[in-house]
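Participant: need coordinates for the below:
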Amino acid sequence: MSKQNPKEEFEAQINDCVQSFFKNLTQESFPIRIFTHYDTDGLCSGAILSSALFRQKIPYHVKILKQLDKVGIEKISSNSEKTQSFIIFSDFGSGQCHEIEKHIQNGQYVILDHHLPQQIENKDMREEIKKLKERSLPYHINPYFAGIEGSIEISSAGICYLFAKNMNSLNSDLSPLAIIGAVGDLQNQGPNGSFIGLNSDILSESIAQKKLEIKTDLNFSSIKPLNEAIAYSSDIHLPGLSQRVDVSLNFLKKTGVLIEKPDGELKALNDFNWEEKKKLSSAIIKYAIDSCGLDPTEITGKLIVNKYIFEHETRYPELLEASEFSNILNSCGKTGNASIGIAIAMGDRNKSMVEAQEILRNYKDKLKKSVDWIFDKHKMHKLEFIQYFYGEDEIPEEIVGTVCSSLLNSQLIDKTKPIFGYADKKGENFYKVSGRTTLDLVNSGVNLAEVIKIALKLTSLDSLGGGHPPAAGAKIKKDVILEFLFKCNKIVKKQLSWKR
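Facilitator: Numbering: from 1, shown residues only. Sure thing, here's the model as predicted:
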């Protein structure tokens, strides 16, 4: 008998999980309790599962969490013992699997997650992953159990989509949410913003269903005024234009392309036709080569990308394109408005959408003020191999990771060192710590999920933490934060030296 390829193995694991799920349901299992993360991928996961259960006429309740820690698991366990409700964890659970296993009876929960499991520091720990897989299936689904890279080949929304589709083939219409979740987790890192692995397969399904289409476009926000989109782009860095709205406006005026609408408002990318976009792209490439000395192949590869378009979303520009849709959901989740994000993901285009537009505006304003505060007040501290900041009273725990990402995408930061940010956890003697790094550093050997897990051990912290190579986090006691960060610095040093 021929060995299954990773995709076939993974789909077989999901099939077994769905069968086990239905087998273990009793009248006491209801309502199903869904616990999911508060970022885009988590909200898309929650929306997919909610839609699938609703269609099966299975009662459910969704709760969105900032993180899943030991205290939280004990509370969930205590409540489940009282109610006997079946539990689904999505977009977390793998990193806490031993704690869940300890407190909640097998057959009474399912984990649908794409992060490295607890005590697994990197994907090369194959023997440990195999042992965990053998005792965790069918109630714990994780791509690493099938040799699939969870940080780039499939998100939790993609796993929940496969779970829902296996539950009922009619759920195949939920594929766009899997793509939005993957975009939210920055998994479209192939050439020109493409997908690989199972994400690519889900994308093909969505295109075949005419749920979305791919359009080649300039890699700027589709809905901001173009000068702002250029100045604040997180992907295209043009010295002299980046972070400078007025200079970017003058640059656009010199291209010969009409940049104003008849009413005098500045055009967004969506307002230009393809001929105008070709002129703009030529001007940007010329500027990048002549004024910045950038490699033409490199700038072209970053400038021209695939965009994932939902043509039926004509009413709200913020939902027309996957990355903009992701921004809406992420802003809802990170500001305590996750229920609004779930409602939008499940199809609400009325009151929830109006509220979300205001939430997004305020969220972007808060991020900009946070980044400006770090630079203006010189809050960034540097060690030999990492850099870090403390959010003080300015940056709440909900956005510290996003602030790290925003800093990493700015022109004013040292991109040769991972960034760690920490912020106070309300009412606790802990900090929320988030780490972010570039794909170039990941390719050079940096793995922040491994850094966090090893640093926790070395600091003797009984805390859960992890994530993916470019993005990870943990909950750290306040009195050992500097010791923890210095340990992270040493581990990054080792990772880079091992690669070299």
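
Participant: return the backbone torsion pair for residue 443.
Facilitator: In terms of degrees, to the nearest 10, the main-chain angles of residue 443 are phi -70, psi -20.

Participant: typed the wrong thing, it's residue 436
Facilitator: According to degrees, to the nearest 10, residue 436 has phi -140, psi 150.

Participant: please name the residues that touch it.
Facilitator: By CB atoms under 8 Å, 6 or more residues apart in numbering, the contact list for residue 436 reads 401, 404, 405, 407, 408, 418, 419, 448, 470, 471. Glycine gets a C-beta too; all of them are placed from N, C-alpha and C.

Participant: so the fifth one touches residue 416, yeah?
Facilitator: This means residue 408. No: contact criterion CB atoms under 8 Å: residue 408 and residue 416 do not qualify, at 11.3 Å.

Participant: tell me which of those two has more neighbours.
Facilitator: residue 408 (19 against 13; other CB atoms under 10 Å).

Participant: now do the same for the nearest residue to that one once chain neighbours are set aside: its pLDDT.
Facilitator: Leaving aside its sequence neighbours, residue 408 sits nearest to residue 436 (CB to CB, 6 or more residues apart in numbering; 5.2 Å). pLDDT recorded at residue 436 is 97.

Participant: quick check: residue 436 vs residue 467, distance?
Facilitator: For residue 436, the distance to residue 467 (CB to CB, to the nearest Å) stands at 10 Å.

Participant: give the residues shared as contacts by those two.
Facilitator: Taking CB under 8 Å, 6+ apart as the criterion, residue 436 and residue 467 both touch residue 448.

Participant: which strand or helix spans the closest residue to residue 239 other than its chain neighbours?
Facilitator: For residue 239, ignoring the flanking residues on the chain, the nearest one in space by CB to CB, 6+ apart is residue 292 at 5.1 Å. Under the criterion DSSP states H and E, no helix or strand holds residue 292.

Participant: from now on call the first residue 430
Facilitator: From this message on, residue numbering opens at 430, which makes the last subject residue 721.

Participant: show me the contacts for the most centrally placed residue in the chain.
Facilitator: Residue closest to the mean C-alpha point of the chain, counted by CA atoms, centre = their mean, is residue 614 at 2.5 Å. Residues in contact with residue 614 (CB under 8 Å, 6+ apart) are 468, 469, 470, 584.

Participant: tell me the phi and psi of the second one?
Facilitator: In terms of degrees, to the nearest 10, the main-chain angles of residue 469 are phi -60, psi -50.

Participant: per-residue confidence at it?
Facilitator: Note on residue 469: pLDDT of 98.

Participant: how far away is it from residue 763?
Facilitator: According to CB to CB, residue 469 stands 10 Å off from residue 763.

Participant: of those two, who's got more company?
Facilitator: Using other CB under 10 Å as the criterion, residue 469 and residue 763 rank with residue 469 on top: 33 against 25.

Participant: can you give me the distance of that one to residue 617?
Facilitator: With the distance defined as CB to CB, residue 469 ends up 13 Å from residue 617.

Participant: what do you get for residue 674?
Facilitator: In terms of CB to CB, residue 674 sits 27 Å off from residue 617.

Participant: out of those two, which sits in the busier spot?
Facilitator: Ranked by neighbour count (other CB under 10 Å), residue 674 and residue 617 place residue 617 first, with 23 against 14.

Participant: does the more buried one touch residue 624 like I think?
Facilitator: Yes: with contact defined as CB under 8 Å, residue 617 reaches residue 624; the gap is 5.4 Å.

Participant: between these two, what contacts are shared?
Facilitator: Listed as contacting both residue 617 and residue 624 by CB under 8 Å, 6+ apart are residue 611.

Participant: show me the helices in the stretch 780-929 of the chain, by range?
Facilitator: Assigned by DSSP state H, counting those that start in this stretch, the stretch 780-929 of the chain shows helices spanning 780-805, 829-837, 868-872, 877-887, 910-928.

Participant: now tabulate those in a markdown table and tack on mean pLDDT and distance to residue 852.
Facilitator: Formatted as a markdown table, these follow (pLDDT from 0 to 100; distance: least, CB to CB, whole Å):
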| stretch | mean pLDDT | distance to residue 852 |
| --- | --- | --- |
| helix 780-805 | 95 | 10 |
| helix 829-837 | 94 | 4 |
| helix 868-872 | 92 | 23 |
| helix 877-887 | 95 | 16 |
| helix 910-928 | 93 | 11 |
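
Participant: quick one: which of those helices is nearest residue 594?
Facilitator: Nearest to residue 594 among these is helix 780-805; the distance by CB to CB comes to 25.5 Å.

Participant: so what does that closest one touch, helix or strand wise?
Facilitator: helix 751-763, helix 767-774, helix 829-837 (3 or more CB pairs under 8 Å, 6 or more residues apart in numbering; DSSP states H and E).

Participant: next, the buried residues of the longest one.
Facilitator: Judged by neighbour count using 16 or more other CB atoms under 10 Å, the buried positions of helix 751-763 are 751-763.

Participant: list of residues touching it?
Facilitator: Identification of contacts with helix 751-763 by CB under 8 Å, 6+ apart yields 466-469, 471-473, 493, 605, 608-609, 612-613, 641, 650-652, 736-739, 742, 746-748, 766-767, 769-770, 773-774, 785-786, 788-789, 792-793, 827-828, 831.

Participant: now with 7 Å?
Facilitator: Helix 751-763 is contacted by residues 467-469, 471-473, 493, 608-609, 612-613, 651-652, 737, 747-748, 767, 769-770, 773-774, 785, 788-789, 792, 827-828, 831 when judged by CB atoms under 7 Å, 6 or more residues apart in numbering.

Participant: I'd like to know how far the nearest residue to residue 792 once chain neighbours are set aside sits from residue 589.
Facilitator: In this structure, residue 792 finds its nearest non-sequential neighbour in residue 760, 3.8 Å apart by CB to CB, 6+ apart. Separation of residue 760 from residue 589 (CB to CB): 21 Å.

Participant: just residue 489 next, same as before
Facilitator: For residue 489, the distance to residue 589 equals 13 Å [CB to CB].

Participant: looking at the two, which is more packed in?
Facilitator: residue 589 (35 against 19).

Participant: got the phi/psi numbers for the more buried one?
Facilitator: Torsion angles, degrees, to the nearest 10, at residue 589: phi -60, psi -40.

Participant: what sits against it?
Facilitator: By CB under 7 Å, 6+ apart, the neighbours of residue 589 are 474, 477, 478, 519, 541.

Participant: if we can go back for a sec, most surrounded residue in the contacts of residue 865?
Facilitator: Ranking these using other CB under 10 Å puts residue 877 first, with 30 neighbours.

Participant: any idea how far residue 550 is from it?
Facilitator: 11 Å.

Participant: please apply the same query to residue 914.
Facilitator: Using CB to CB, residue 914 is found at 18 Å from residue 550.

Participant: of those two, which one has the most company?
Facilitator: A direct count of neighbours by other CB under 10 Å for residue 914 and residue 550 places residue 914 higher, at 21 against 17.
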